[in-house]
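1. Let me see the structure of the following:
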Amino acid sequence: MKKAPSAMNYVAPPWLPGGNAQAICPALYSRRVFGPHPEYRRERWSTPDRDFVDVDWLVTPALAERPLLVLFHGLEGSSRSHYAEAFADYARAQGYAYAVPHFRGCSGELNLAPRAYHSGDYEEIGWILDQFRKRHQGPIIAAGVSLGGNALLRWAEEAGDTAGQTAQAVAAVCSPIDLAAGGYAIGRGFNRWVYTRMFLNTMVPKALQKLDQFPGLFDGDALRAAKDLYEFDNLFTAPLHGFSSTEDYWARGSAKPHLPRIRIPALVVNARNDPFVPAWSLPSQADVGDCVTLWQPAHGGHVGFPHGNVPGHVRTMPEAVGNWLASALPGGERVHG
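-> As a prediction, the model looks like this:
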């Protein structure tokens, strides 16, 4: 096993100061890939509840036993999110297989069941990883971004000693592992006017489509009036996924309290200037078990980590996280095929 990188040591370029700028500009303007634009092949997997999950596989030469990097996207993300394409470029450079499973309703088509997705959905993560294990002969490593990272950690926590039968290692990037703290942060000031509005602009219409599928599923008028994610979760996310309230969902869905239960190598990366994740809410090494590594650079924003001259690129974070995950592979594998 190759020695894991000990820290990310990221410093933002001087032309882009502040957590909000480091979150927004890279997502909109920075270069995502060093190679060709990622081309995907889509598979649709039928789920046990008669729904479907769409999985985008990076089109690369077929090597059955090479490592597979699985990327779980963030809230309202997809395989075309800036970080997903950057991870795809990293995987291609290493010779890995790469796949992005979409959470329900995030692949461009409304899902069929009376449910969506949420930050603590470790059962969904487990089912998806089991499908990858059945389909792929080589070792599996997994990363999750923001919401996807919290859900991935929750899976590793619940799986405990059995997680290693499926994945060699996991990583969470800019994940709100204390959901109440993240909810507090995104519901106030600049965050409320910019990020909350951005999310609700897509989440509310999709929820109302779900109401058309299942009349009476929730109070549509109340949802249309929702002003923040707390209200949205209270009306939609919590009741549709077995929680009694937003508070119940945020408490039971948070990965932070259970980090000592993880039994496979796990990396938790959080920029301390992330506008979504307050620095005061982040764990210390004393709060986590021996299997968990914390990287908490001062800069980076929310899934930004731009590098280089204007407009910068976003390959630095996937490179650092990917190399850390690679250190858990048998022999620290890099295929370069």
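2. now the helices for the stretch 51-200 of the chain?
-> Along the stretch 51-200 of the chain, counting by DSSP state H, counting those that start in this stretch, helices occupy 82-94, 122-135, 147-159, 179-186, 189-191, 197-213.
3. Deepest-packed of those helices, please.
-> For these, average neighbour numbers computed from mean count of other C-beta atoms under 10 Å are highest in helix 147-159, which has a mean of 27. For every residue, glycine as well, the C-beta is placed using N, CA and C.
4. To residue 235, which of the helices of the stretch 51-200 of the chain lies closest?
-> Closest to residue 235 of the helices of the stretch 51-200 of the chain, according to C-beta to C-beta: helix 197-213, at 8.4 Å.
5. for the closest one, packing partners?
-> helix 220-224, helix 229-232 (3 or more C-beta pairs under 8 Å, 6 or more residues apart in numbering; DSSP states H and E).
6. Let's have the ones you listed in TSV, adding mean pLDDT and distance to residue 18.
-> Below are these laid out as TSV (pLDDT from 0 to 100; distance: least, C-beta to C-beta, whole Å):
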stretch	mean pLDDT	distance to residue 18
helix 220-224	98	33
helix 229-232	98	22
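7. what about the ones you listed, which gets the closest to residue 202?
-> helix 229-232 (11.4 Å).
8. Just name whatever secondary elements the closest one is in contact with.
-> helix 179-186, helix 197-213.
9. mind checking how far the next helix or strand after it is from the chain centre?
-> Sequence-wise, the next helix or strand downstream of helix 229-232 (DSSP states H and E) is helix 238-240. Distance, stretch centre to chain centre, for helix 238-240: 21 Å (C-alpha atoms, centre = their mean, to the nearest Å).
10. pLDDT of helix 238-240, averaged?
-> For helix 238-240, mean pLDDT is 98.
11. do the same with stretch 326-337
-> Mean predicted confidence for stretch 326-337 is 73.
12. re earlier: just the helices and strands packed on helix 197-213: most buried one?
-> By mean count of other C-beta under 10 Å, the helices and strands packed on helix 197-213 have helix 229-232 as the most buried, with a mean of 20.
13. So which residues make contact with that helix?
-> Taking contacts as C-beta atoms under 8 Å, 6 or more residues apart in numbering, the residues outside helix 229-232 that touch it are 183, 186-187, 196, 199-200, 203-204, 207, 223, 225-226, 246.
14. one more time with 10 Å
-> 75, 179-180, 182-184, 186-187, 192, 195-196, 199-200, 203-204, 207, 222-223, 225-226, 237-238, 245-247, 250 (C-beta atoms under 10 Å, 6 or more residues apart in numbering).
15. For residue 305, grab the count of nearby residues.
-> By other C-beta atoms under 10 Å, the residues close to residue 305 number 32.
16. sorry, that was for residue 103
-> Residue 103: 26 neighbours (other C-beta under 10 Å).
17. Could you check how far it is from residue 306?
-> 26 Å (C-beta to C-beta, to the nearest Å).
18. can you check residue 314 too?
-> Distance of residue 314 to residue 306, given as C-beta to C-beta: 6 Å.
19. Common neighbours of these two, please.
-> Common neighbours of residue 314 and residue 306 (C-beta under 10 Å, 6+ apart) are 25, 26, 27, 29, 30, 31.
20. Dump those residues to CSV, plus distance to residue 52 and pLDDT.
-> As requested, these are exported to CSV (distance: C-beta to C-beta, whole Å; pLDDT from 0 to 100):
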residue, distance to residue 52, pLDDT
25, 35, 97
26, 31, 97
27, 28, 97
29, 34, 97
30, 33, 98
31, 33, 98
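21. picking that back up, so which of the helices of the stretch 51-200 of the chain is nearest residue 320?
-> Once these are compared by C-beta to C-beta, helix 82-94 is nearest, at 9.7 Å.
22. Tell me which other helices or strands that closest one touches.
-> helix 19-28, strand 40-46, strand 52-58, strand 68-72, strand 97-101, strand 140-145, helix 316-326 (3 or more C-beta pairs under 10 Å, 6 or more residues apart in numbering; DSSP states H and E).
23. For residue 300, which of the ones you listed is the nearest?
-> Nearest of the helices and strands packed on helix 82-94 (C-beta to C-beta): helix 19-28, 6.0 Å.
24. Let's see that closest one as PDB, backbone CA atoms only.
-> These are the backbone C-alpha positions of helix 19-28, laid out as PDB (Å, rounded to 0.1, in the frame of the first residue of the first chain):
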ATOM      1  CA  GLY A  19     -15.100  31.600   0.400                       C
ATOM      2  CA  ASN A  20     -18.000  32.800  -1.700                       C
ATOM      3  CA  ALA A  21     -15.700  33.700  -4.700                       C
ATOM      4  CA  GLN A  22     -13.900  30.500  -4.300                       C
ATOM      5  CA  ALA A  23     -17.200  28.600  -4.500                       C
ATOM      6  CA  ILE A  24     -18.900  30.500  -7.300                       C
ATOM      7  CA  CYS A  25     -16.200  31.300  -9.800                       C
ATOM      8  CA  PRO A  26     -14.700  27.800 -10.200                       C
ATOM      9  CA  ALA A  27     -18.100  26.300 -10.700                       C
ATOM     10  CA  LEU A  28     -19.000  28.800 -13.500                       C
END
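25. quick one: that helix to helix 82-94, angle?
-> Computed by axes from the mean of the first three to the mean of the last three C-alpha atoms, to 10 degrees, the angle separating helix 19-28 from helix 82-94 equals 60 degrees.
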